[in-house]
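Colleague: output the structure for:
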Amino acid sequence: MDIERKFRNHTVTILLVLLTLTSGVFIASKAIPQASASSNGTSTLTATPATFTNYELAGNPFATTTNPPFSVGVNCPNSAGTCQNTEGEPAIRADRAGNFYGSSENVFCVIGGQCGGTFAWKSIDGGNSFTTLKLPNSVSGTVCNPPTGSDHCASTGLSPAGGDTDIAVAPQRNANGFFNIYVASLQSNPPLLNVYVSTSKNGGASWSINPTGASIPVDDREWIAADGANKVCISYHATPLTNTIVVDCSQDAGLTFTTHASAFDPTHIAFLAGFNNVIGNLAIDPSNHVIYQVFSSIDNAVELASCTAFCHVHTVWIAVSIDGGNTFTDYEVYNNPNTNVDYGHQFINVSVDSAGNLYVVYNDNHNMFYSFSKTFGQTWSGPYQVNKLPSATAIFPWSAAGNAGQLDIVWYGTSYYDGVNPPDSYPGIGTTNPAGPAAWYVYFSQNLNALTPGSSWTQVQASAIIHYGGVCESGVTCTGNRDLLDDFGIAASPTTGKAAIIYTSDQFVNSAAEPATKRSSGSAVCSSSLSNSVDCSHTNIAIQTGGSTINQKHHHFEVDEEDLEETDLSGDGGHSPDFKMQGENTGNTAITSISVQVSGLPVTMTWSNAFPLLPGQVASAETTTLPLGLVLAVGNIYPVTITATLADGTTETQKTSAIYTLGAGLGL
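Modeller: Next comes the predicted model:
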């Protein structure tokens with residue numbers, strides 16, 4: 001819903017680790033894109049422009065005479081013309097098996113109040129089609145039995161939630177073999193009272209609902225992220241606490257939230273709180289379980305004294321928790337010395353690649369930028385501009401990170417920019433402005449070397465025109481056009497690397513792939529005369545059909561997990577470290593041995609696999625015994641050097657890092 005800040009949018013030292021593989025084998029068969037590696041184990045990748053195919057999803061709240069109603073069970077695209085919806089502000093994620101899950105809020109619920117406000121979809125074929133799931137936060141279910149024959153479903157499926165939806169998928173399977181799916185929604189009737197968290201433990205077949213996920217009532221703009229098989233965390237603006245960003249975590253799949261913390265640490269909370277911050281999304285690294293909350297605010301307390309509650313949020317921040325969400329430490333991502341700049345134009349976004357590198361994407365209502373961190377958020381490089389012409393304006397960013405240094409970014413863009421007016425005031429259809437109207441598209445950009453400053457980006461339009469004219473960024477306080485609502489999203493398949501974009505359009509198209517929405521009576525919800533209005537707002541999918549992907553492999557032994565944890569939580573100064581590593585032979589040659597150095601001290605690991613490690617095989621190792629000479633300190637970052645010896649006698653070396661966390665993964 002995003003009611004905040006609407007007035008501003010207009011004007012250890014570990015030394016050497018030797019790892020030896022000693023036991024059995026687990027085989028993972030998959031097609032593996034392999035980059036050519038240089039002698040030091042790095043590689044330069046060349047991105048090729050992506051291509052996309054687009055179609056509308058099914059989620060029609062006016063389809064009440066079918067059983068089940070509301071398009072539940074409809075598969076899209078289809079030739080029946082039933083892929084119709086009235087949803088906007090969507091989100092999308094992928095599980096590790098390559099299935100996609102999306103959610104989006106019913107724009108008529110946002111405007112009209114209580115109803116089954118959030119829709120959800122699932123794809124089991126890599127995004128080529130999506131099926132509408134039961135509505136995740138409808139407290140009375142989604143089946144009208146029998147159908148009423150009117151435009152109101154009497155058996156209801158009503159829900160007091162449906163605002164500001166976000167979705168998360170567990171990175172590990174639950175006891176029944178499914179990846180838990182979580183959908184978070186703001187309460188909409190009465191508005192903003194709490195955060196609903198809906199959980200499916202069976203692939204979306206059914207949902208359980210926690211209507212009080214937030215520890216502090218009266219909330220805005222929630223986000224959700226998952227870890228392990230059953231951990232899920234939400235973040236939100238706690239309005240009674242002057243817009244403090246609160247992070248609550250659950251260890252039982254959203255049934256109860258027992259860990260609560262402010263994202264603002266004691267050093268910074270005095271000036272970060274106080275309605276002078278814009279919240280971004282929440283992310284958790286599934287490898288080391290570090291939690292990241294991104295936001296924008298001011299730079300320091302001195303600045304607060306001069307601007308009080310009307311400060312420009314020209315500084316991008318990230319809150320980092322290395323203890324499972326109990327506490328956070330705040331780090332600056334980028335401070336623009338121009339204190340008249342605002343970052344957070346729906347919204348600041350953070351993503352984490354498979355090697356633990358971070359990417360934060362943000363814009364100033366004109367250009368899109370990213371910064372990256374190789375140090376788990378403690379230090380940053382950037383900003384680096386992403387967009388280029390014809391996207392003279394770029395807003396509403398989202399990103400998806402793949403393997404190390406590989407990043408996809410999407411945004412809504414237009415060729416219009418006059419240097420004076422914000423996007424809310426861009427000229428629409430019928431304008432006399434010779435440069436107008438402003439035509440908006442979904443833009444997709446990719447960088448396969450994003451950890452290299454100044455590296456190049458591909459850029460393509462991933463959709464047809466989705467809107468003409470102004471785009472209001474003031475949430476529920478908008479006086480201009482809000483048809484595109486506040487955000488949209490992208491996810492990449494872990495199996496293929498292909499991107500799936502979920503976005504909003506308010507255009508009347510009425511094609512086979514994008515039919516106009518109708519009521520059960522046959523009357524139009526969206527017609528040609530209503531194009532470019534909220535009556536035609538709907539959610540579409542753009543699925544990547546060509547071009548490079550972000551699952552390119554740099555190394556023959558590709559590390560996808562490094563987790564170094566302190567498991568002694570007594571605080572008595574003792575250490576009980578636990579070090580885990582996992583990787584895969586992603587080349588076409590057997591690996592005969594692996595050695596790992598972490599600043600110089602040998603460590604004996606117990607491996608689950610035996611040499612030779614054949615192509616496609618995964619190896620994991622763990623130890624809880626480290627040398628007496630090892631100096632450990634929670635929060636320290638340790639360089640790791642991994643050398644793989646191949647069957648042909650050649651070696652390949654790669655460098656990574658591990659952060660020593662405080663029980664961040666305990667209980668997962």
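Colleague: next, give phi and psi for residue 539.
Modeller: phi -100, psi 130 (degrees, to the nearest 10).
Colleague: I'd guessed it sits against residue 59; true?
Modeller: Yes - the pair residue 539 / residue 59 is scored as a contact, 7.0 Å apart, by C-beta atoms under 8 Å. For the C-beta atoms, the positions are set from N, CA and C on the backbone; glycine is no exception.
Colleague: so what sits against both of those two?
Modeller: Counting by C-beta atoms under 8 Å, 6 or more residues apart in numbering, the shared contacts of residue 539 and residue 59 are 85, 87, 104, 119.
Colleague: higher neighbour count, residue 539 and residue 59?
Modeller: residue 59 (33 against 29; other C-beta atoms under 10 Å).
Colleague: residues in contact with the more buried one?
Modeller: Counted by C-beta under 8 Å, 6+ apart, residue 59 has contacts 70-71, 84-87, 104, 106, 119, 121, 132, 539.
Colleague: what's the closest of those residues to residue 609?
Modeller: Looking at those and their distance to residue 609, the nearest is residue 121, at 37.5 Å (C-beta to C-beta).
Colleague: show me the contacts for the closest one.
Modeller: Contacts of residue 121 by C-beta under 8 Å, 6+ apart are 57-59, 101-103, 130-133.
Colleague: need these in CSV with distance to residue 488, secondary structure and pLDDT, can you?
Modeller: Shown next, in CSV, are those (distance: C-beta to C-beta, whole Å; DSSP: H, G, I helix; E, B strand; the rest coil; pLDDT from 0 to 100):
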residue, distance to residue 488, secondary structure, pLDDT
57, 13, coil, 98
58, 18, coil, 95
59, 15, strand, 91
101, 15, strand, 98
102, 10, strand, 97
103, 11, strand, 95
130, 15, strand, 97
131, 20, strand, 96
132, 18, strand, 94
133, 19, coil, 93
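Colleague: quick check: the two most widely separated of those?
Modeller: 58 and 101 (15.0 Å).
Colleague: on that earlier part again, can you say which of the contacts of residue 59 are buried?
Modeller: Neighbour-count burial (16 or more other C-beta atoms under 10 Å) is assigned, among the contacts of residue 59, to 70-71, 84-87, 104, 106, 119, 121, 132, 539.
Colleague: okay if I get these as CSV plus distance to residue 207?
Modeller: Below are those laid out as CSV (distance: C-beta to C-beta, whole Å):
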residue, distance to residue 207
70, 14
71, 16
84, 23
85, 19
86, 21
87, 17
104, 16
106, 16
119, 12
121, 14
132, 13
539, 19
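Colleague: now, which of the residues you listed sits nearest residue 628?
Modeller: residue 121 (54.5 Å).
Colleague: what lines up beside the helix or strand harbouring the closest one in the sheet?
Modeller: Take DSSP states H and E as the rule and residue 121 turns out to sit in strand 118-123. If you go by DSSP bridges, strand 118-123 pairs up with strand 100-106 (antiparallel), strand 130-132 (antiparallel).
Colleague: mind putting those strands into CSV with distance to residue 266?
Modeller: Shown next, in CSV, are the strands paired with strand 118-123 (distance: least, C-beta to C-beta, whole Å):
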stretch, distance to residue 266
strand 100-106, 35
strand 130-132, 45
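Colleague: so which of these gets nearest residue 279?
Modeller: The nearest among the strands paired with strand 118-123, by C-beta to C-beta, is strand 100-106 at 17.2 Å.
Colleague: in the closest one, which residues are buried?
Modeller: 100-106.
Colleague: which one of those residues sits closest to residue 563?
Modeller: Scanning the buried residues of strand 100-106 for proximity to residue 563, where the rule is C-beta to C-beta, the winner is residue 101, at 25.5 Å.
Colleague: which ones are touching the closest one?
Modeller: Neighbours of residue 101 in contact, by C-beta under 8 Å, 6+ apart: 92-95, 120-123, 167, 169, 181, 204.
Colleague: emit the ChimeraX select command for whichever of the residues you listed are buried.
Modeller: In ChimeraX, this line selects whichever of the contacts of residue 101 come out buried by 16+ other C-beta under 10 Å:
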select :92,93,94,95,120,121,122,123,167,169,181,204
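Colleague: make CSV out of the contacts of residue 101 and add distance to residue 78 and pLDDT.
Modeller: What follows is the contacts of residue 101, written out as CSV (distance: C-beta to C-beta, whole Å; pLDDT from 0 to 100):
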residue, distance to residue 78, pLDDT
92, 20, 98
93, 24, 98
94, 23, 98
95, 24, 97
120, 18, 94
121, 13, 97
122, 15, 97
123, 14, 97
167, 23, 96
169, 25, 98
181, 23, 97
204, 19, 93
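Colleague: assumed residue 432 was part of a strand.
Modeller: No - Residue 432 is assigned coil when assessed by DSSP: H, G, I helix; E, B strand; the rest coil, not a strand.
Colleague: mind listing what it touches?
Modeller: Contacts of residue 432 (C-beta under 8 Å, 6+ apart): none.
Colleague: please report how far it lies from residue 198.
Modeller: Separation of residue 432 from residue 198 (C-beta to C-beta, to the nearest Å): 48 Å.
Colleague: ok, now residue 372?
Modeller: When residue 372 is compared with residue 198 (using C-beta to C-beta), they lie 33 Å apart.
Colleague: quick one, which of these two is more surrounded?
Modeller: More neighbours surround residue 198 than the other of residue 372 and residue 198, with 29 against 23 (other C-beta under 10 Å).
Colleague: thanks a lot, catch you later.
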